[in-house]
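Asker: Build me a model from this:
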Amino acid sequence: MPHRLLVGILSLLLALPFTTWAQNKTITGKVTSEKDGTALPGVSVTPKGAPGGTSTSNDGTFSITIPANISILTFSGVGYDSKDVNVAGELTVDVRLKSTTVDMNEVVVIGYGTQRRREVTGAISKVTSDKITSLPTPSFEASLQGRAPGVQVVQGSGLAGSGSVVRIRGIGSVSAGGDPLYVLDGVPIVSDPFLRGNSGAQNQNPLATINPNDIESIEILKDAGAAGIYGSRGANGVVLITTKKGKSGAPRFNYNNRFGFTTWAMRPKFLSGPEWLQLRQEAWENDGNTGKAPLPGGVTWEQAERTNTDWWKELTRTGFINEHNASMTAGNKWLKSYVGASYAKDESYIKGNAYERLGVRGNFDFQALSNLKFNLNVSWNNGNNHRVPAAWAGGLGDAMSTALPIYPVYNDDKSYWRGGANPVFRRDQTKWRNTENKYFGSVGVEYQPIRDLVIKATASVDFTTSFDDQFESALYMGRTDVAGIAKRYIFHNLNKTGTITASYNWAPTDDHKFNFLIGSESQEVTKKDYNGDIYTFTDKPFWQNKSLYKQVRDSLKGAGIRTFDERGAWTFVSFFGRINYSLKNRYVLQLLARADGSSKFGPNNKYGFFPAASAAWIITEEDFMKDIDFVRFLKFRASYGVVGNADIGDGMYYAKISPGGQPFVGGSTLYPDNIANPDLKWETMRNFDLALEFGIWNNRLSGEIAYYNKTTTDQLLNGAVQPSIGFDRYLRNLDGGKIVNQGVELSLTAKLIEKKDITWTVGGNISKNYNEVISLGQLTADAVSGGTNDTRIIPGYPVGTNYLARFVGVDPNDGLPIWLDKTGKTTKTFSLDHRVPVGKVIPDYVGGFNSNLTYKGFDLGVLFTYAIGGNLYDGSAKRQDGIVTDWNMRTDIVDRWRQPGDIAKYPRLTMNTSTYPGLSSEWQYNSTMFLYDADYLRLRELTLSYTLPSKMFSNGRIRGIKAFVTGMNLLTFTKYPGGDPEVARDFENPQDRNMSPNVTYLTPPQQKAFTFGVNVNF
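Answerer: From the prediction side, this is the model:
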């Protein structure tokens, strides 16, 4: 018996391992990001309904032994949605996790470094590459519209390659630049829209050459806690552009293209020939005349009655979009590389107008030693702008003004009609190209001498050459002794930057973590050009005869007629530092400061000091929040700091002597044209920010609400001086000048549906900005003007307030306009003395809202943008809806007074301004009659895409294919009768750009586009 018991016990013990083996199984696999396929370390892997668990290693792999009856593993990680995976019958599983709406582990780019989003203490909005490339915009910055709260983007016009007006949290300057600082891969780049002045009614857009497909992300720094590290240049915000880098692994290739068609989004409607003749005759008879009204251009009534030219149709077309991008990324332990090439041609709807961009980029990261890295970023981008005149310069502007429908394009003998404006003749007999080559190169080294200490040094060159070529035929010149004339204006812009930083991480305990950063940066920018055009008589433009250009250039240089000299230069030397402190991963403090010295400032104020402090409290890390399950993330942050605006021209502080236009006693003359100001310095902006970031209901709803207050002091002002001193303007810091911007921003994202085959996410943002000029010293309302745009700077009102006479309506008895004088009493006598501040240059609210619906492989994306509470002043309507002159008129003039008793929008027609008492000229017709409600809602983007199932490519080289169709600016809802309500006309200078963003003058409306494309990964 005992031996039988012993045998039984031994048999049971021997059987136990086999029983255990039969009841357990080991699962291995890898966890990656659904977004980009990168490995996810630290992800928890737990059996559902059983104890135990593990986490993924640094390469995302895991191994876990679980009971055989367990069929579900739960994968969860910070910043990613939890996922249950059925492992029944499986020994190996690969899992892809989707990032939560609020990815707190997401890395964002900050000034001179990166940071986890959860620890960011400043106001930063991030826009990813897929959003930047989703639309065929003229330039990448237009793609930011509606994507980030507090960022107003007004796309300039429908001209190919046109730029946008970007305003971050309002406008705080009058005469200095109001656009943000653009930083490309850590290098401040030149983005001045006035490098070529206002040639042909289109400002220069240095950003247009940058290929959007090379961009990985854009971070927008909005407050002092974020932008303060850029000191005297952070007042208008900072846009950080990060290009794509190489990734580890075997070479991977991407090719994507886009084909499509363009037309106008909205257009003003104009009178036909018979309609214009009817109104002309009506005005003639209203003025007490008899017989037929005289016609401009030497056209007879007989000729006019048989002519009905649609000039808009003659000058427009259906444009074609053609874009191709190819890239390769690869990497190993020692070298990671990204190489990309692109070609794009965007034909606008205006005949003869197109923008071609050709570029290549190479980004290389080389790990020379375990503690030594090198990086090299090089790119060349060529922008070829096929220019046409526009707005006041002609072209489509003529079609909206002086090119009357009674004018023919051709005479009976097929020659061009030349009695008046004929934009077709000008387009056919002139050629215009602007070519820019942008060369960018930076080399950097990163050395880690000891653990936690990293020293970085970067040197970069940003070099731009610009050729502005124009050609006029002999026919256009009206000459028979020459074949034509070719002209070229050329300038070079060289931007050299050097940066060195040292950062040190110190964690004395697990609860206390520090990061220290110190650095220095120097920048030198020079501009060179010829003292006039290179020109000669020839039968073709210079771009078609390069050898002729070189011959003419050398000849003019040899004779001393043309010299290539430095026309402008400025430098910055900066020192900066930043301390980041984290306590228990829930309290974060940041202190930073920057000292800037610049050649732009007067000798008495060469250097400025700009400090900032910011803090964040991650409330969900507190013990009292542990049981509040529906709150996934909650963070409160605040910042205060001082930033500056140094966006002015060089040499503005010293006295200048310039050559006179007229000789004296046979000799040349000189005259002083600038007042010395040794005290000139930057504008100062004191910036305060509060915000609450949140994610609730398992991050199904997330967002941010923020409040900011920015006050500008030491306001820069160019102009408003006493004529008796002999100068019409000089740049100075206005004593007591002060401007305030304060506002609220709200952004929300909600996951309405989240299932295996279908997801639906909606989101949006809205921003309200209040802008007011607090003080302007003793200056009057007419002292500071926004060019020819009837805007002024007036204390108590926003920057660039419209200054107009108030139009009440039309007297039904006699059809004359009724006005309000300054006291508010009605009068029928017009006077510029009746002008008062009216209208809003800056809308009350701007923003966008979006929807993204996915079903299996289909994806439907929608983006709406909007503006509420602003006005638009139409400077061209003075003639289009005002006095009957040699301009065509818009069809809304039909609502006019014609006989006693009529209730009409517009007064009786007249060809004589004296019909309206007190009006001396139609150009003085500065009234609210032409001030319109600029509210609009626009369907900015509608994209439908389909991603082919991955199983189709399991055995091939291709890894994935996505096809898409996109519509841009498909619908616009507005009350504005003059066409596109979203305009930014050409500007003469930064002051004009700051004060008059709501003014249009024959501005070509934005384009509507329909595009088709495919994205292939292999």
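Asker: From now on I want contacts and neighbour counts done on CA atoms only, so please keep to that.
Answerer: Will do.
Asker: can you pull up the bridge partners for S775?
Answerer: Here S775 sits in beta bridges with K738, as judged by DSSP bridges.
Asker: what sits against it?
Answerer: Residues near S775 by Cα atoms under 8 Å, 6 or more residues apart in numbering: 736-739, 795-796.
Asker: Compare the residues you listed and tell me which is most surrounded.
Answerer: Counting neighbours by other Cα atoms under 10 Å, the top entry in the contacts of S775 is I739, with 26 neighbours.
Asker: From Y607, how far off is that residue?
Answerer: Noted for I739: a distance of 23 Å to Y607, by Cα to Cα, to the nearest Å.
Asker: Make sure Y803 is actually in contact with I794.
Answerer: No: if you go by Cα atoms under 8 Å, Y803 and I794 don't touch, sitting 9.1 Å apart.
Asker: shared neighbours of the two, which are they?
Answerer: Residues touching both Y803 and I794 (Cα under 8 Å, 6+ apart): P837.
Asker: and of the contacts of S775, the nearest to L181?
Answerer: Among the contacts of S775, I739 lies closest to L181 (Cα to Cα), at 20.0 Å.
Asker: Taking the centroid of the chain, which residue is nearest it?
Answerer: Using Cα atoms, centre = their mean, the residue of the chain that lies closest to the mean C-alpha position is E141, 2.8 Å off.
Asker: ok, now which ones touch the closest residue to T243 other than its chain neighbours?
Answerer: Sequence neighbours aside, I215 is the residue nearest to T243 in space, at 4.2 Å (criterion: Cα to Cα, 6 or more residues apart in numbering). Going by Cα under 8 Å, 6+ apart, I215 touches 129, 132, 241-244.
Asker: Taking those together, which two end up most distant?
Answerer: Maximum pairwise distance in the contacts of I215, criterion Cα to Cα, is 13.0 Å, between I132 and K244.
Asker: quick one, helices of the stretch 401-550 of the chain?
Answerer: Using DSSP state H, counting those that start in this stretch, the helices found in the stretch 401-550 of the chain span residues 423-429, 474-477, 546-558.
Asker: chain center to stretch 1005-1018: distance?
Answerer: For stretch 1005-1018, the distance from its own C-alpha centre to the chain's C-alpha centre is 19 Å (Cα atoms, centre = their mean, to the nearest Å).
Asker: Now do the buried residues in it.
Answerer: Buried residues in stretch 1005-1018, counted by 16 or more other Cα atoms under 10 Å: 1005-1017.
Asker: out of those residues, who's nearest W570?
Answerer: Q1006 (35.4 Å).
Asker: and the end-to-end length of stretch 531-544?
Answerer: End-to-end distance for stretch 531-544: 23 Å, by Cα to Cα.
Asker: So what touches that stretch?
Answerer: With Cα under 8 Å, 6+ apart as the test, stretch 531-544 has contacts from 431, 469-471, 473, 482-490, 548-549, 552-553, 556, 562-565.
Asker: as a whole number, average confidence for that stretch?
Answerer: Computed over stretch 531-544, the mean pLDDT rounds to 94.
Asker: now do stretch 833-844
Answerer: Stretch 833-844 carries an average pLDDT of 90.
Asker: just so I have it, where are all the strands in the stretch 851-1000 of the chain?
Answerer: All strands of the stretch 851-1000 of the chain, identified by DSSP state E, counting those that start in this stretch, fall at 858-868, 871-874, 931-933, 936-947, 960-974, 999-1000.
Asker: Which of those has the highest mean neighbour count?
Answerer: With neighbours defined as mean count of other Cα atoms under 10 Å, the strands of the stretch 851-1000 of the chain peak in mean count at strand 999-1000, which reaches a mean of 27.
Asker: Any regions of this protein where pLDDT drops low?
Answerer: 1-23, 35-36, 42, 58, 77-80, 99-105, 660-668, 720-729, 778, 780-782 (pLDDT under 70).
Asker: Break down it into its helices, ranges please.
Answerer: Secondary structure of the chain (DSSP state H): helices located at 2-23, 129-132, 224-227, 273-286, 301-305, 311-315, 396-399, 423-429, 474-477, 546-558, 877-880, 990-995.
Asker: Tabulate these (a markdown table), appending mean neighbour count.
Answerer: Shown next, in a markdown table, are the helices of the chain (neighbours: other Cα atoms under 10 Å):
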| stretch | mean neighbour count |
| --- | --- |
| helix 2-23 | 11 |
| helix 129-132 | 17 |
| helix 224-227 | 30 |
| helix 273-286 | 19 |
| helix 301-305 | 14 |
| helix 311-315 | 18 |
| helix 396-399 | 26 |
| helix 423-429 | 18 |
| helix 474-477 | 16 |
| helix 546-558 | 14 |
| helix 877-880 | 21 |
| helix 990-995 | 24 |
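Asker: Thank you, goodbye.
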